[in-house]
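J.: Just need the structure, nothing else, for what follows:
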Amino acid sequence: MRAAGTWESGGGERGGFLDGEGGVGGVGGVGGVGGVTVGSGAEEETGAPEPRRRVGRVAAWGAGLLLAGVSVVAGFRVADSDGVTPVPQVLAFLPWLLVPAGAGLLMAFLARWRIGMLWGVVVLGVLAWYVEPYGNTDSPSGPAVAEVRVLTSNVEFGGGTRGLIDAVREERPDLLFVEECDFACSALLRKELPHADYPYRESVEASGAEGSVILAKMPLKSADGVEGTLGMPGAVADVQGHDVRVQLAHPMPPLPRGVDLWQSELRGIQEYAAAGDGAPTIIAGDFNATQDHAAFRSVLDEGLRDTARLAGASRAPSWPAAVPAPLGAQIDHVLATPDFSARDARFLDIGNTDHRALVVTLTLHKAETER
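T.: Below is the predicted model of the structure:
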């Protein structure tokens, strides 16, 4: 195959696709089929035996396929779009695309394919840029007026409830958000966590993944939650005399045929955030999204910050719990308005669930004029 060759008199070809001059393909000559010369003269003219040329072609094709696949996903990230299946699913693991991109660059180098090498460097640069955490981390102004410890956990159809109870006893959160808390999970929380410790509750009592519970040490006033396929209760918490809007998040995941529903339910959480008009707000739960999803960034852009990032754990994985860190993706979050600072964020393995729990301590600040 003669893909970028420059014919010279004397029957040879140089500068081809993947040859030693940086192109890709091999050797050709007068009388060859598709640019491939039969006979020993071609080898003598190019100085490259057939096995070496074959390896070069394979490396070039491999580099092209790897870099093309990564480029598609990276392109949607640059365009601030989640695209269509399988792009949203792959975007969840965007930092790990550095691996195939690096492999593509290496293969292009082995093939001596200059365009491929440049392509690989550009793709790696784009990925490295977007691996950086999203959003600002400015410290809130004003003195600290209240502190609240928050824990969120998806217990996977109630399977992780026992482990969650152990974590609650150890971490002693003030606010507890529990996703996929079925009837048995809800009953076990009532039984094992003393009412004296968590006297306030807002919940969606349901089976399977639809059930969700908010437990609190401080008073909760009922408030409309976010509508969704899965339960997402909401309330207003009295945090040491300060009203704080609290909302459990659990939109549907971006299933191959459910990307539109996933985006719609994240949009509902975005609208809830926007409706707060700057009031202190905490939204916690399993968002089924990372900072590399445009739909999730739209939620953050309504004046929220990811507290794990504020506390120095911006890329710590929460799912799937079966794979060791740092593998996986952070899809469980505690988001808060800029009047909160955060510290001591940790992801906990509680067992019998595919999610790690997230615990973080938040401090509410108020400007002097608001005291």
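
J.: can you list the weak-confidence ranges in the chain?
T.: Within the chain, the stretches with pLDDT under 70 are 1-48, 368-371.

J.: can you map out the helices along it?
T.: Along the chain, counting by DSSP state H, helices occupy 41-46, 50-78, 87-91, 98-111, 114-131, 161-171, 183-192, 259-275, 294-300, 307-310.

J.: centre of the chain versus the fourth one, how much separation?
T.: The chain centre lies 23 Å from the centre of helix 98-111; the measure is Cα atoms, centre = their mean, to the nearest Å.

J.: That one: which residues count as buried?
T.: Buried residues in helix 98-111, counted by 16 or more other Cβ atoms under 10 Å: Pro100, Ala101, Gly102, Ala103, Gly104, Leu105, Leu106, Met107, Ala108, Leu110, Ala111. From N, CA and C alone the C-beta is placed, and that goes for glycine too.

J.: Which strands or helices does that helix pack on?
T.: With contacts taken as 3 or more Cβ pairs under 8 Å, 6 or more residues apart in numbering; DSSP states H and E, helix 98-111 sits against helix 50-78, helix 114-131.

J.: residues touching Gly62, list them.
T.: Shown in contact with Gly62 (Cβ atoms under 8 Å, 6 or more residues apart in numbering): Gly104, Met107.

J.: Please shift the residue numbers so they start at 414 in all later answers.
T.: Yep, numbering from 414; the last one is Gly475 now.

J.: need the helices and strands packed on helix 511-524 in a markdown table with distance to Ser727, can you?
T.: As requested, these are exported to a markdown table (distance: least, Cβ to Cβ, whole Å):
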| stretch | distance to Ser727 |
| --- | --- |
| helix 463-491 | 16 |
| helix 527-544 | 10 |
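
J.: if we can go back for a sec, most packed of the helices of the chain?
T.: Across those, the average number of neighbours (mean count of other Cβ atoms under 10 Å) peaks for helix 720-723, which reaches a mean of 24.

J.: quick one on the thing from earlier: export the helices of the chain to TSV and tack on distance to Ser635?
T.: What follows is those, written out as TSV (distance: least, Cβ to Cβ, whole Å):
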stretch	distance to Ser635
helix 454-459	79
helix 463-491	39
helix 500-504	34
helix 511-524	46
helix 527-544	40
helix 574-584	23
helix 596-605	17
helix 672-688	15
helix 707-713	23
helix 720-723	25
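
J.: Out of these, which gets nearest to Asp767?
T.: Among the helices of the chain, helix 574-584 comes nearest to Asp767, with 12.3 Å by Cβ to Cβ.

J.: hang on, the earlier thing: tell me which of the helices of the chain lies nearest to Pro730.
T.: helix 720-723 (10.8 Å).

J.: next one: the closest one to chain centre, how far?
T.: Put simply, helix 720-723 sits 14 Å off its chain's centre (Cα atoms, centre = their mean).

J.: which other helices and strands contact it?
T.: Counting by 3+ Cβ pairs under 8 Å, 6+ apart, helix 720-723 packs on strand 745-749, strand 753-761, strand 770-778.

J.: Make JSON lines out of those strands and add distance to Leu507 and mean neighbour count.
T.: Output for the helices and strands packed on helix 720-723, formatted as JSON lines (distance: least, Cβ to Cβ, whole Å; neighbours: other Cβ atoms under 10 Å):
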{"stretch": "strand 745-749", "distance to Leu507": "16", "mean neighbour count": "27"}
{"stretch": "strand 753-761", "distance to Leu507": "19", "mean neighbour count": "19"}
{"stretch": "strand 770-778", "distance to Leu507": "20", "mean neighbour count": "23"}
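
J.: Using JSON lines, lay out the ones you listed together with distance to Ile682.
T.: Output for the helices and strands packed on helix 720-723, formatted as JSON lines (distance: least, Cβ to Cβ, whole Å):
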{"stretch": "strand 745-749", "distance to Ile682": "9"}
{"stretch": "strand 753-761", "distance to Ile682": "17"}
{"stretch": "strand 770-778", "distance to Ile682": "17"}
